[in-house]
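# for reference, the sequence and a predicted model appear below.
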Amino acid sequence: MERVYNFSAGPAVMDEGVLQKAASELVCYKDKGMSVMEMSHRTSMFMDIYNEAVALVREVLSVPDDYAVLFMQGGATLQFSGVPLNLMSDSKVADYIDTGNFAHLALKEAEKYGTVNVAATSLAENYTFIPEMDTLQLTTGADYVYITTNNTIYGTRYVDFPDTKGVPLVADMSSNIASQPMDVSKFGVIFAGAQKNIGPAGICLMLIRKDLLGKQSPICPKLMNWKLQAEKDSMLNTPNTWGIYMMKLVFAWMKEKGGIDAFYENNQKKAALLYDYIDNSKLFSNPVQKKYRSLMNVTFVTGDIDKDAAFVKMCTANGLQNIKGHRNVGGMRASIYNAMPMAGVEKLVQVMREFEKQNL
C-alpha cells in the first residue's frame, strides 16, 4: 500500500527518509550486533546515540550552554504537574495565559500546588485568538509565567511573547517546536511532546535554564525532579531509548535540510497556500483571527456538519487521512508539521476545490 498524506495532529507524520533510516537500523544498529531497542542505556554504544542527540538538539534549536537538555517520559502532559512541582516554590503564585485546551488543562493542574492567576484568557471567544500582550494582568513576584505557544485544537499561535520583567517564562511548545526560529534565551523553560514535530510519542524534550534547577517542592516525585534528571542525563530510570534515537534522526534530518530557517520558510508557504484558498472560498472558512493563525494546525469548516462529514469522507478516499477536526471544535483540521510535504497541502487544496464545485 502506498503511504497516505497523514494530517493527524499527533502522533503525526514523520519524514519518510527518517523512517527508512530507522528501518534499516532496526534489527542491527551499525556494527553493534543489536537493535537500539535492545541496548542497555548504561552502555557506551547507547551513550554515543544520546550524546549525538543532545548535540543535534543544541545545534538545530540554538540552545545556549546554560540550558540543560532533558529527554523526559510521560509526554508533555506530565509537565503540567512537573512545572509547578519544580518552580512554584517561592511566592507559590504563577501566572497562566489561557489560550486553549492544553493551556487550560495545565492551569487546572497547577492549582493543586499553589495559586494560579489567569493573566488573560480567550475562552469566552472559543479560543479564536491570543490575548494582546499589553493586556496581560501579570503578578509581581510570581514564580513563573506559563504559555502554550501553539494551540493544536483551535489553530492559533503566539506571534510575540510577554515581557515578564525577569520572571521565568515557561512555554509548552509541543505543536510548533522546531517549526520557526525561537530565541531560547527568552524562556526559562521550554518543553515539547515529541509526537508532533520532532519524534515519536512517549518522550518529552525539555530545555531548562540551569539556574532554575533545584527549586523543586519537597513533594516533587524523584522522576519529575528536573535537577536530579539533569544530573543523571535523564536516566534516573531506564529512559525511552528508542525515542531518543528517533529524535536524533529527526534533528539530523532537519540539519541536513537546512535547519530551522529552511523549515520556517517552507512552513509559511504551506500555510499560505491553504489559508489563501480558504479565505477565497465560498464554502470553507477559518474562524481564527488572521494575526494569530497557526502555521502548524489549520482549522476550517463548511458551516454544515453533514457537508463536513462528506468532505472528510472524500479526503479519505483520496489518500488524505485524519482531516476530521477535534471534537471540541468540529469541522476539519489539517496539521501540516515540518514533515508534511508541500505536495500533501497541494493535494488537500485540490480536493477542497473539487468538493466546493460539487456542493455550491
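All right, it came through fine. Residues are numbered from 1 along each chain as shown.

# which residue ranges of the stretch 251-360 of the chain form helices?
Assigned by DSSP state H, counting those that start in this stretch, the stretch 251-360 of the chain shows helices spanning 259-279, 305-317, 342-358.

# and those as JSON lines, adding mean pLDDT?
Compiled in JSON lines, those are given as follows (pLDDT from 0 to 100):
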{"stretch": "helix 259-279", "mean pLDDT": "98"}
{"stretch": "helix 305-317", "mean pLDDT": "96"}
{"stretch": "helix 342-358", "mean pLDDT": "97"}
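
# reformat these into a markdown table and put distance to residue 34 and mean neighbour count next to each item.
Just so you know, the C-beta spots here come from the backbone N, C-alpha and C atoms, and that holds for glycine as well. Converted to a markdown table, the helices of the stretch 251-360 of the chain look like this (distance: least, CB to CB, whole Å; neighbours: other CB atoms under 10 Å):
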| stretch | distance to residue 34 | mean neighbour count |
| --- | --- | --- |
| helix 259-279 | 32 | 16 |
| helix 305-317 | 39 | 16 |
| helix 342-358 | 35 | 16 |
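
# redo these as a markdown table? Include distance to residue 231.
Shown next, in a markdown table, are these (distance: least, CB to CB, whole Å):
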| stretch | distance to residue 231 |
| --- | --- |
| helix 259-279 | 29 |
| helix 305-317 | 48 |
| helix 342-358 | 43 |
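
# domain ranges for this protein?
Per automatic domain parsing, the structural domains of the chain span 17-256, 259-358.

# could you export these as JSON lines, including distance to residue 3?
Shown next, in JSON lines, are these (distance: least, CB to CB, whole Å):
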{"stretch": "domain 17-256", "distance to residue 3": "9"}
{"stretch": "domain 259-358", "distance to residue 3": "9"}
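
# and the contacts of the helix or strand containing residue 145?
Per DSSP states H and E: residue 145 is located in strand 144-148. Strand 144-148 has contacts (CB atoms under 8 Å, 6 or more residues apart in numbering) with 83, 87-88, 94-97, 99-100, 102-103, 106-107, 110, 119, 138, 158, 161-162, 164, 167-172, 174, 188-189.

# in a strand, residue 12, correct?
No - read with DSSP: H, G, I helix; E, B strand; the rest coil, residue 12 is coil and lies in no strand.

# tally of neighbours for it?
As a burial measure, residue 12 scores 24 neighbours (other CB atoms under 10 Å).

# wait, what's in contact with residue 77?
102, 105, 193.

# let's see if you can find the most crowded of the residues you listed.
Neighbour counts for these (other CB under 10 Å) peak at residue 193, which has 29 neighbours.

# do you know how far the residue nearest to that one when sequence neighbours are not counted is from residue 241?
Distances taken as CB to CB, 6 or more residues apart in numbering place residue 76 nearest to residue 193, at 3.6 Å, with adjacent residues excluded. Plainly put, residue 76 is 19 Å away from residue 241 if you go by CB to CB, to the nearest Å.

# neighbour count: those two, which is higher?
Between residue 76 and residue 241, counted using other CB under 10 Å, residue 76 has the larger neighbour count: 26 against 21.

# pretty sure the more buried one contacts residue 192?
Yes - Residue 76 is within contact range of residue 192, at 6.3 Å (criterion: CB atoms under 8 Å).

# which residues do these two both contact?
Overlap of the contact sets of residue 76 and residue 192 (by CB under 8 Å, 6+ apart) consists of 172, 174, 204.

# check contacts around residue 215.
Counting by CB under 8 Å, 6+ apart, residue 215 has contacts 86, 87, 89, 90.

# no wait, residue 307
283, 359.

# any idea how far it is from residue 347?
On the measure of CB to CB, residue 307 and residue 347 end up 20 Å apart.

# can you tell me the closest non-neighbouring residue to residue 194?
Once flanking residues are discounted, residue 194 sits nearest to residue 203: 4.8 Å by CB to CB, 6+ apart.

# ramachandran coordinates for the one you found?
Main-chain dihedrals, residue 203, degrees, to the nearest 10: phi -140, psi 150.

# shouldn't residue 218 be within a strand?
No - Residue 218 is assigned coil when assessed by three-state DSSP, not a strand.

# what ranges of this structure fall below the confidence cut-off?
Low-confidence segments of the chain, defined by pLDDT under 70, span residues 1.

# please redo it, this time with the cut-off set to 90
Applying pLDDT under 90 to the chain picks out residues 1-2, 326-330, 360.
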